[in-house]
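>>> Got a predicted structure here, sequence first:
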Amino acid sequence: MNNDLIKNFIRILILTLVQIFVLKEIVLFGDWIKYIEIIIYPIGLMLLPLSIPRFFLLGIAFLTGFWIDIFYDTLGVHASACLWMSFARPYVLKYFEPKSGYTMNQHPVAQELGIFWFMQYMAVLLAIFTFAYFCMKIFTLVFIVDILNRTIVSFAISYFILFLIQIIFDPKS
């Protein structure tokens, strides 16, 4: 368990550093579409072991989001989106639970549960994250169309990149 904890900590650390120092600076398609954001660090939270207690999951999610918020100068936006996603994670896992169930030391990765299962699991959690993120960032439902546009576009780009990361780097712990 200790080795597993270290691997997950390093994974989350690397993903947040890439998010902060590389992806924060990327502006896609010039200055006229500034609302597209590539967000990859939530996969670190998605890949935490299935056996992690909810309290620790929410604590790790808050600290990860808060650390990103400090560098993005958006205190509370990333932290709240991470908390929403992490709060929904056990329900999503329950919904997508295979007929045989999960084992105690299983990780939610494509190599253990199948690529189709992982794509659905990641899509639902990333959709929750991006919607919560843009709701908190814009913080008014007057701009619901803008929130939905940003959510859909950022979700699609981030989903594709996260899927490639999961397949290429095989983050099986």
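Now that the structure is in, tell me what you want to look at. Numbering: from 1, shown residues only.
>>> Can you point out the helix or strand that includes the nearest residue to residue 66 once chain neighbours are set aside?
Distance criterion C-beta to C-beta, 6 or more residues apart in numbering; nearest residue to residue 66, sequence neighbours excluded, is residue 79 at 4.5 Å. Where you see a C-beta, it was placed from the backbone N, CA and C, and this is true even at glycine. Secondary structure assignment for residue 79, by DSSP states H and E: helix 77-95.
>>> Quick one: mean pLDDT over that helix.
On average, the pLDDT along helix 77-95 is 94.
>>> CA atoms only for it, dumped as PDB, please.
Presented in PDB, the C-alpha positions along helix 77-95 are these (Å, rounded to 0.1, in the frame of the first residue of the first chain):
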ATOM      1  CA  VAL A  77     -12.400  27.200  -8.600                       C
ATOM      2  CA  HIS A  78     -10.200  24.200  -9.300                       C
ATOM      3  CA  ALA A  79     -10.600  22.900  -5.700                       C
ATOM      4  CA  SER A  80     -14.400  23.000  -5.900                       C
ATOM      5  CA  ALA A  81     -14.400  21.200  -9.300                       C
ATOM      6  CA  CYS A  82     -12.100  18.500  -7.900                       C
ATOM      7  CA  LEU A  83     -14.400  18.100  -4.900                       C
ATOM      8  CA  TRP A  84     -17.500  17.700  -7.100                       C
ATOM      9  CA  MET A  85     -15.700  15.200  -9.300                       C
ATOM     10  CA  SER A  86     -14.300  13.200  -6.300                       C
ATOM     11  CA  PHE A  87     -17.700  13.300  -4.500                       C
ATOM     12  CA  ALA A  88     -19.300  11.800  -7.600                       C
ATOM     13  CA  ARG A  89     -16.600   9.200  -8.200                       C
ATOM     14  CA  PRO A  90     -18.000   6.400  -5.900                       C
ATOM     15  CA  TYR A  91     -21.400   6.800  -7.500                       C
ATOM     16  CA  VAL A  92     -20.000   6.600 -11.000                       C
ATOM     17  CA  LEU A  93     -17.900   3.600 -10.000                       C
ATOM     18  CA  LYS A  94     -21.100   2.000  -8.600                       C
ATOM     19  CA  TYR A  95     -23.000   2.700 -11.700                       C
END
